[in-house]
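Chemist: Output the structure for:
(chains A and B)
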Amino acid sequence: MQPPETLYERLRRLVVEDPRETRRAFLQLLDSGGPALDQFLGSISSPADGRLRQVVAIALRNHRDKERLAPHLIAWQEIETDEFTHRAIARALEGLDTRSAGQTALAQEVARLTAAMGREMAQRERLNRELEIAQEVQEHFFPQRLPSVPGLDYCGRCRPAREVGGDYYDFLELPEGRLGIAIGDVSGKGIGAALMMASLQASLRSHASGGHSLAELMRRVNSLMYETSSANRYATLFYGEYHPASRQLCYVNAGHNPPLILRKSAAGCRIFRLETGGPIIGLLPQRYEQASFPFIAGDLAIFFTDGVSESMNGRDEEWSEERLIEFAKTCQGSPAFDVMNRVLAAAEKFAAGAPQHDDMTLVVLRVLD
Amino acid sequence: MWLIEKIDISGGFLPGLSIELPRGLTCIIGPRGSGKSTLAEAVRFAVCGLSGAPKQCVDLVQANLAGGALVTVTSLAEGSNRYTIKRALKQQPILLTSDGRAINTVDLDRGTFLPLDAYSSPEIEAIADEVLGQKRRNLLDELRSEQMRSIQLSLAESARALDANADHIRTAQRTAQDLTEQMEELGDVRARLSALGPPDREPSADFVRLSRQQQLNQREIAKLDTSERDLKALSQTVDQLRREAQVAFKARLADEQSANAKALRRYDDRLAASLAAVEEHTSAITAEIDKSLDTVAQARQSIAEAHTSHAGELSRLTALNQAASEQARVRATLEQQVARLQALEEQRLQLNTELNALLEKRKSLKTSHILMRDQISAMREEVASELQREAGQRVRIRILRNADHLAYQQMLVDGLRGARVRNHDEIIATMMQLRPEQLAQLIQTNDCGSFEELTGLGNERSRKILDSFRDSIDPLALEVIAIEDRIGIELNVSSAGKANFKDASDLSRGQKCTALLPILLARRDSPLIIDQPEDNLDNHFIFETVVNAVQRLKRRRQMIFITHNANIPVLAEADLVLVMNSDGRIGAVEKSGTVDQCREQIIDLLEGGREAFELRSKRYATA
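Modeler: Numbers count the residues shown, from 1 in each chain, chains lettered A, B, ... in the order given. Model prediction:
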């Protein structure tokens, strides 16, 4: 794969020098698809790149091409300042049904992401520092604020490894005061993983408010990921919706490490695992099952990625889920934020300075009285 | 930032006028014809000259400062330097430092030393009305005048280089065409030459050998003839001899009547017997001769065959030789033509190399030319977003890149005339997705396939259109045709709910100024003179746009407003109000002071004066 900055840089000049060749190069990129295409489309969102956007819009050969790029086209149309490009985009969108809510939501997400990536790219145009970009892009995906939910104390954090991994978590503000909680791990590292994460987040967000059952939602997210990602990319994903009134967590677990719930009882501490769901997403078209877990006051829920449970020490020993549970028991009763920090610190202490080889992501949720 | 501190006018319509201006906002009010505009224009005249001002302003200055009236403007520039400008009609301006030294190195009229923004109502309306064109662009470009000038210089330079390059390319292309025609005229001389076959040397050698043999043959025949003739002559001689011998040996000695007859008869018999011996010898000789003649005849017969074959060969070779010399002549001509063709080809090859170098050069020239234009657009976008920040939500200023494309569109319309296709409007609309350099490339490379894919106009129409363009449009001119940005200046005319932005050109007169003023106010920090002799501000949006902006920005720049709208001095808190009046002959400042000091005049002279004061006191009360 050609380094993306080089391709973008090259096409930026080529588009003036030799528009025909630029179109050819873009069509090639379009046909080979994959992360290089997404990356390119993401990097041409600044006003100065109107020429490239025009070449993209005018190069689309058929309905299929146009539908494929519709989210980008819709997003660009909103901000386009170049008249030629504007006309070309309008024409490309002619006859496409762009009104479906899903499409628009997806377009908005893509616009948000491409804008974020575009900013990053613009700043680093001259530096081919993929990892750094991926890292910052990844950070853009993590929730910037926590919707407040009555009776719930929660927080989340991702501590990225030196190499960027594909950990992902998100909190979604849903109608009727519900809270969507997502945590997942995308296979692979670097820009490719970050991009799959981006589209995972976008599709989850655009489907989450669609009023489907969670099983159906997961089926849709899976089939979208299956259609759009390359064969060797997949992800684990846990998605749940917490209803504050009933204290029920309705959830689907697509191959992710089962989140743990610690409940204090007279007989000590009971552990529940949230396992219902189905296989990992992005590999095959699948059906999923959903389940519901009734929380009671005092419950402590820990959602984590394998970077936490499999944190290694210098002797290649894993911290393990057992150690995680044992340690978490000692934290019961503390605010979620403290629990999160203490668990991460404990995992780190166990690793004792051995280089962290995977992202560590932790979401902690405490049900209050 | 600089300030106008003091204005003095001697003579003209405002003789003896002398006012000191504060920082912040000065409002000049007064009835029609009291000299307000004359004052504003006198300041503009002193600071910038008349070259940039519109006609009615020039007329006003020429009428009201006639007779040698001198305008003196004292200014305070950055670093607390004071400069005094003195200017009278038809005279060079004088620029003095605070210690009275004259500065001759500054051209005030260029507007860069002490830049002044002065706008009369018609000027503001003209900017609003000009959807396409330079006026709106100037509003932005002036704010980056240094960079803009250097880019413009580079652009002009690169335009010249592009022109020169285009000339060279055209010459080279013409020459190439010429060469091609010459080469076509020569046709396939090489093929014709090779069709001639190889020139053969052997036949001519054979020919020489055979000709020589032919001579030898003839000599042989002659020799045989001679030999035969000699032999025949000899044979005749022998016959003659025999006949003479018969006569000689048959001589009769005996005479019957003679007595000796008997004796002599014996001798006669002996002679007759000798004749027989002679006869025998001559017959032998004749027989030998006949044998020799046979031998000669045999010899003749034996070489006759060889001679015939030689003769046949020779006649063939003779024919061949004749053909060969004809061929040699043709060959010589063809060889000359091939040599010429080769020279032409070499010339064209060299020309092609040159042409390619020129086109390659053009590519980079064109690219940097277009990128420089993009740079200008980017700069305008930057300025626009700066202005937008200051101008508030009600007004929107944005750059529509490459929207000023009339020249390009016209070129397409003209180019389409020759194509025998229908629905020109639809075709033009489709083609306006293509940038000039894209279209130029398609024309240059005659790439009908790409043209069809890009426009979706179908094969036949694409062919016709492209052919017509190739005939009528010079791609070298097309690819660098100037397409300018359009500056959108819009006002949100909706008072609640969903925004409804309308371009300044579509607005009412009052709204036009309302849309433009926030932008004019926000532009830079040099003094600003706004001359609105009539109340043409739309009160609907005046607080949100003009008043707030004046109040906020008067700390940054000095403003002089000639206005009929009471809201401006009253609600934007004018620092000085000048009330002017005239007796019809000359005008003068009748009163000057704060808003409160001039309350009576404001209420009398300006529309909505009382309401403005009421609103002001309400504001104070709540504050």
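Chemist: Next one: the one residue in the stretch 101-250 of chain B that gets nearest to chain A from B:I7, what distance?
Modeler: Scanning the stretch 101-250 of chain B for the residue nearest chain A gives B:L132, at 11.7 Å (criterion: C-beta to the nearest C-beta). Just so you know, the C-beta spots here come from the backbone N, C-alpha and C atoms, and that holds for glycine as well. Distance, B:L132 to B:I7, using C-beta to C-beta, to the nearest Å: 37 Å.
Chemist: Kindly report the same for B:Q215.
Modeler: Counting by C-beta to C-beta - B:Q215 and B:I7 are separated by 127 Å.
Chemist: Settle it for me: which of the two has more neighbours?
Modeler: The neighbour count for B:Q215 versus B:I7, taken as other C-beta atoms under 10 Å in any protein chain shown, is higher for B:I7 (20 against 10).
Chemist: does B:G415 count as helix, strand or coil?
Modeler: helix (DSSP: H, G, I helix; E, B strand; the rest coil).
Chemist: My guess is it contacts B:F469. True?
Modeler: Yes - contact criterion C-beta atoms under 8 Å: B:G415 and B:F469 qualify, at 4.7 Å.
Chemist: thinking again about what came up before, doesn't the residue of the stretch 101-250 of chain B closest to chain A belong to a helix?
Modeler: No - going by three-state DSSP, the assignment for B:L132 is coil, not a helix.
Chemist: Tell me which residue of the stretch 201-350 of chain A lies closest to chain B.
Modeler: Counting by C-beta to the nearest C-beta, the stretch 201-350 of chain A gets nearest chain B through A:S209, at 23.3 Å.
Chemist: If I look at that residue, what pLDDT would I see?
Modeler: Listed pLDDT for A:S209 reads 75.
Chemist: Kindly state the pLDDT recorded for the closest residue to it other than its chain neighbours?
Modeler: Spatial nearest neighbour of A:S209, excluding adjacent residues (C-beta to C-beta, 6 or more residues apart in numbering or on different chains): A:L174 at 6.4 Å. If you check A:L174, the pLDDT there is 88.
Chemist: count of residues packed around A:L174?
Modeler: For A:L174, the count of nearby residues is 15 (other C-beta under 10 Å).
Chemist: what kind of secondary structure is B:V589 in?
Modeler: Strictly by three-state DSSP, B:V589 counts as strand.
Chemist: and the residue nearest to A:S209, how far is that from chain B?
Modeler: Relative to chain B, A:L174 is positioned 27 Å away (criterion: C-beta to the nearest C-beta, to the nearest Å).
Chemist: Pairing partners for B:E484 in the sheet, please.
Modeler: B:D404 (DSSP bridges).
Chemist: State the phi and psi torsions of A:H212.
Modeler: phi -90, psi 170 (degrees, to the nearest 10).
Chemist: could you list every residue that touches the closest residue to A:D49 other than its chain neighbours?
Modeler: Of all residues not flanking A:D49 in the chain, A:R12 sits nearest, at 7.1 Å (C-beta to C-beta, 6+ apart). Counting by C-beta atoms under 8 Å, 6 or more residues apart in numbering or on different chains, A:R12 touches A:D49, A:R51, A:L52.
Chemist: you'd agree A:R12 is in a strand?
Modeler: No - secondary structure of A:R12, determined by three-state DSSP: helix, with no strand assignment.
Chemist: I'd like to know how far it sits from B:I473.
Modeler: Here the criterion is C-beta to C-beta. By it, A:R12 lies 27 Å from B:I473.
Chemist: ok, now B:Y267?
Modeler: With C-beta to C-beta as the criterion, B:Y267 and B:I473 are 139 Å apart.
Chemist: Tell me which of the two has more neighbours.
Modeler: For B:Y267 versus B:I473, neighbours defined as other C-beta under 10 Å are more numerous around B:I473 (21 against 12).
Chemist: so what's the more buried one closest to, chain neighbours aside?
Modeler: Leaving aside its chain neighbours, B:I473 sits nearest to B:G415 (4.6 Å; criterion: C-beta to C-beta, 6+ apart).
Chemist: B:G392 and B:I519 touch, don't they?
Modeler: No - assessed by C-beta under 8 Å, B:G392 is found out of contact with B:I519, at 10.1 Å.
Chemist: of all the residues in chain A, which ones are close to chain B?
Modeler: A:13, A:16-20, A:23, A:47-48, A:50-51, A:54, A:58-59, A:61, A:81-84, A:87-88, A:91 (C-beta under 8 Å from any C-beta of the partner chain).
Chemist: List the strands paired with the helix or strand encompassing B:I19, with their directions.
Modeler: B:I19 belongs to strand B:17-20 when elements are defined using DSSP states H and E. Here strand B:17-20 has these sheet partners by DSSP bridges: strand B:3-10 (antiparallel).
Chemist: returning to what we had before: pLDDT score for the residue nearest to B:I473?
Modeler: On the pLDDT scale, B:G415 gets 90.
Chemist: Quick check, central residue of chain B?
Modeler: B:L476 (2.9 Å; C-alpha atoms, centre = their mean).
Chemist: That one and chain A, how far apart?
Modeler: Distance, B:L476 to chain A, by C-beta to the nearest C-beta: 15 Å.
Chemist: Same question for that residue, what's its three-state structure.
Modeler: Following three-state DSSP, the label given to B:L476 is helix.
Chemist: Could you double-check that it lies in contact with B:I169?
Modeler: Yes - using C-beta under 8 Å, B:L476 is in contact with B:I169, at 6.3 Å.
Chemist: Overlap in contacts, the two.
Modeler: When contacts are counted by C-beta under 8 Å, 6+ apart, B:L476 and B:I169 have B:R362 as shared neighbours.
Chemist: re earlier: my read: the residue nearest to A:S209 touches A:Y242, true?
Modeler: No - A:L174 lies out of contact with A:Y242 (C-beta under 8 Å); the separation is 9.2 Å.
Chemist: thinking again about what came up before, now the residue nearest to the centre of chain B: closest residue in space that isn't a chain neighbour?
Modeler: B:A166 (4.2 Å).
Chemist: Ok, A:G255 next?
Modeler: Counting by C-beta to C-beta, 6+ apart, the residue nearest A:G255 is A:I280, at 3.4 Å.
Chemist: The one you found reaches A:T236, doesn't it?
Modeler: Yes - at 5.1 Å, A:I280 counts as touching A:T236 under the criterion of C-beta under 8 Å.
Chemist: So which of the two has more stuff around it?
Modeler: Neighbour totals were compared for A:I280 and A:T236, and A:T236 leads with 23 against 20 (other C-beta under 10 Å).
Chemist: for that one, helix, strand, or coil?
Modeler: State at A:T236, reduced to three classes by three-state DSSP: strand.
Chemist: what's A:S187 in contact with, if anything?
Modeler: Going by C-beta under 8 Å, 6+ apart, A:S187 touches A:G166, A:A193, A:N232, A:R233, A:Y234, A:A235.
Chemist: Could you export those residues as CSV, including neighbour count and pLDDT?
Modeler: Formatted as CSV, the contacts of A:S187 follow (neighbours: other C-beta atoms under 10 Å in any protein chain shown; pLDDT from 0 to 100):
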residue, neighbour count, pLDDT
A:G166, 27, 79
A:A193, 25, 76
A:N232, 10, 71
A:R233, 21, 78
A:Y234, 25, 86
A:A235, 26, 90
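Chemist: between the residues you listed, which is nearest B:L271?
Modeler: A:N232 (147.6 Å; C-beta to C-beta).
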